[in-house]
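S.K.: from the sequence below, what's the structure:
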Amino acid sequence: MKTDFARELAIKILYKIEEDSGYSNLVLDEYLQKERQKLNEKDIGLISEIVYGTVTWKLTIDMILQKHSNIKINKISKWVKIILQTGIYQIVFLDKIPKSAAVNESVNLCKKYGYKSVGFVNAILRKVDKYDYEEFKNIKDDYKRISVMYSMPEWIVKKLVKQYGITKTEEICINSNLKPTITIRVNTLKNEVEELKQKLDKRNILWEEAETPNFLYLKNIKNVSKLDLFKEGFFAIQDEGAGKIGLILKPKEGEEVLDACSAPGGKTTHLAELMKNKGHILAWDIHSNRVRLVEENAKRLGISIIEVSTKDACKYDSKYENKFDKILLDVPCMGLGVCKRKPDIKWQKNEEEISEITKIQENIIQICSKYLKQGGELVYSTCSILKEENEDIIKKFLEVERSGTKGKFELIYKNNILPNGQTDGFFICKLRKNG
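M.R.: Residues are numbered from 1 along each chain as shown. This is a model prediction of the structure:
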């Protein structure tokens, strides 16, 4: 029997993600581009739903699978396991797909990718029901219950509970599984917000004003980067929370600015727009291929004041001492604030990595703070919500500064943005270097 092409492509993408530990957004885009001629918008929507949904709810799905299987998950062949996972996702989490369709299509895929297991797949999926998920509400242990109900590794849950408490942690986990809002930042170098609204109206694209000035939520479009308005640089795609970082740094026209961890350039280009493309921004990144992304974004948006360079922000360079009016340190981090946009993070990160990443973060702020002029301002930011990467880093930095003879930095702003229905999670902290 012929397999459904969209579902078949979805399991191929999931297989590739698991095989290569790839990021779902990148692998998905690669396959959709390759097969674009064979797909309509409905197909693309279904494939994206199955891929992101299965990755997001992986832990919960596997709990349901193990409940109904007498074979341990790690003993099931990879293709068969992925077919079962996608089948369970459709049955338990998608209301518009009839159970019979999910079962039948999964069985058809199994005939092609795991023929000996057809009976096994059919038997398990026929047992699966939405009630399997409801049962998890009865788990007594709060760590386990939150972990299983919201598909969040238990070590992360324990970290969050220690920091925020049970109720707030549950809210964070719920919000981390929401479908991300498509948010755009108006490029004020090319058009004002009212002009862009009119352009969107002409293309029948629904928009809604965000809380942050010059940011809009788009409602009825998925492939935003395919729009002519995007290609011509009338807007950038940027989360509203990320947009607050540039507004807090508040660079002015004519200033000398450093963005020490700049790729792919969303925040860098925002700084340039706030400066009205007047002044100078030095944009560093440790990876040369990612530096090129900053250049591409700047060119598309019509920005000329960004100078890019492949450079490690952890290595001190005396020629930059006391050079910059403003510095942005959007440092590498665990990324737990952006799980709804990059669900793979939950499965690819582990607790042991925290100590490694915090050493890098400490190093970057200690070194790059030396590049700030007297009276200059520095923003330290992450897309993480763990205290170790945020408040603890700043506290330690200020303690080191105050213990020396040149303790000149003062904290003038701090905000911990938790994931919600509209924005990702971010930590933003602003320091001033007093003379």
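S.K.: residue nearest the middle of the protein, spatially speaking?
M.R.: Nearest to the geometric centre of the chain sits residue 338, at 3.6 Å (C-alpha atoms, centre = their mean).
S.K.: I'd assumed residue 425 was in contact with that one.
M.R.: Yes - in terms of C-beta atoms under 8 Å, residue 338 counts as a neighbour of residue 425; the distance is 6.9 Å. For every residue, glycine as well, the C-beta is placed using N, CA and C.
S.K.: what's the overlap in contacts for those two?
M.R.: Here residue 338 and residue 425 have 383, 419 as joint contacts, going by C-beta atoms under 8 Å, 6 or more residues apart in numbering.
S.K.: quick one, what contacts residue 291?
M.R.: By C-beta under 8 Å, 6+ apart, the residues touching residue 291 are 262, 263, 283, 284, 285, 308, 309, 310.
S.K.: buried stuff in the longest strand along the chain?
M.R.: Determined from DSSP state E, the single longest strand within the chain is strand 372-382. If you call a residue buried by 16 or more other C-beta atoms under 10 Å, then strand 372-382 has these buried ones: 372, 373, 376, 377, 378, 379, 380, 381, 382.
S.K.: quick one, grab the pLDDT at the third one.
M.R.: Just to be clear, that refers to residue 376. Here, the pLDDT recorded for residue 376 equals 97.
S.K.: got it, and the second one?
M.R.: Taken from the predicted model, the pLDDT recorded for residue 373 is 97.
S.K.: report the contact partners of it.
M.R.: Contact analysis of residue 373 by C-beta under 8 Å, 6+ apart lists 322, 323, 324, 325, 433.
S.K.: which of these fall in helices?
M.R.: Counting by DSSP state H, no part of those is found in helices.
S.K.: tell me the SS of residue 308?
M.R.: Here residue 308 is recorded as strand under DSSP: H, G, I helix; E, B strand; the rest coil.
S.K.: report the contact partners of it.
M.R.: Applying C-beta under 8 Å, 6+ apart, the residues near residue 308 are 262, 283, 284, 285, 291, 292, 294, 295, 298.
S.K.: any idea how far residue 274 is from the last one?
M.R.: Spelled out, that is residue 298. Per C-beta to C-beta, to the nearest Å, residue 298 is found 14 Å from residue 274.
S.K.: neighbour count: these two, which is higher?
M.R.: residue 298 (23 against 19; other C-beta atoms under 10 Å).
S.K.: any idea which element the more buried one lies in?
M.R.: Assigned by DSSP states H and E, residue 298 belongs to helix 288-301.
S.K.: now the angle from that helix to strand 306-310?
M.R.: In terms of direction (axes from the mean of the first three to the mean of the last three C-alpha atoms, to 10 degrees), helix 288-301 departs from strand 306-310 by 170 degrees.
S.K.: those strands in the stretch 301-435 of the chain, which residues are they?
M.R.: 306-310, 324-330, 372-382, 409-417, 426-433 (DSSP state E, counting those that start in this stretch).
S.K.: how far is the longest one from where the chain is centred?
M.R.: In this case it means strand 372-382. 25 Å (C-alpha atoms, centre = their mean, to the nearest Å).
S.K.: ok and that strand relative to strand 409-417, angle-wise?
M.R.: Strand 372-382 runs at 20 degrees relative to strand 409-417, counting by the same axes, to 10 degrees.
S.K.: and the angle for strand 372-382 with strand 426-433?
M.R.: Using the same axes, to 10 degrees: strand 372-382 against strand 426-433 is 170 degrees.
S.K.: show me what the helix or strand containing residue 144 is in contact with.
M.R.: Applying DSSP H and E as the criterion places residue 144 in helix 142-149. Outside helix 142-149, the residues that touch it by C-beta under 8 Å, 6+ apart are 59-60, 63, 133, 136-137, 139, 152-154, 157-158, 161, 166, 169-170, 173.
S.K.: just these: which are in strands?
M.R.: Those of those lying in strands (DSSP E): none at all.
S.K.: list buried residues within these.
M.R.: Taking 16+ other C-beta under 10 Å as the criterion, what is buried in these is 59, 60, 63, 133, 136, 152, 157, 158, 161, 169, 170, 173.
S.K.: which of the residues you listed fall in helices?
M.R.: Using DSSP H, these in helices are 59, 60, 63, 133, 157, 158, 161, 169, 170, 173.
S.K.: my read: residue 422 touches residue 210, true?
M.R.: Yes - with contacts counted by C-beta under 8 Å, residue 422 reaches residue 210, the gap being 7.1 Å.
S.K.: and for the two, which residues touch both?
M.R.: Common neighbours of residue 422 and residue 210 (C-beta under 8 Å, 6+ apart) are 183, 217, 240.
S.K.: doesn't the second one fall inside a helix?
M.R.: No - if the criterion is three-state DSSP, then residue 217 is strand and not within a helix.
S.K.: point out where the protein drops to low pLDDT.
M.R.: Where the chain drops to pLDDT under 70, the residues are 1-3, 404-407, 435.
S.K.: again, only this time at 80
M.R.: Counting by pLDDT under 80, the chain shows low-confidence ranges at 1-3, 222, 402-407, 435.
S.K.: count the residues that sit near residue 361.
M.R.: Residues lying near residue 361 (other C-beta under 10 Å) number 26.
S.K.: and it, what does it touch?
M.R.: Taking C-beta under 8 Å, 6+ apart as the criterion, residue 361 is in contact with 331, 332, 333, 382, 389, 393.
S.K.: do that again at 7 Å, thanks
M.R.: Counting by C-beta atoms under 7 Å, 6 or more residues apart in numbering, residue 361 makes contact with 331, 389, 393.
S.K.: what's the answer for residue 23, then?
M.R.: Residue 23 sits next to 342, 344 when contact means C-beta under 7 Å, 6+ apart.
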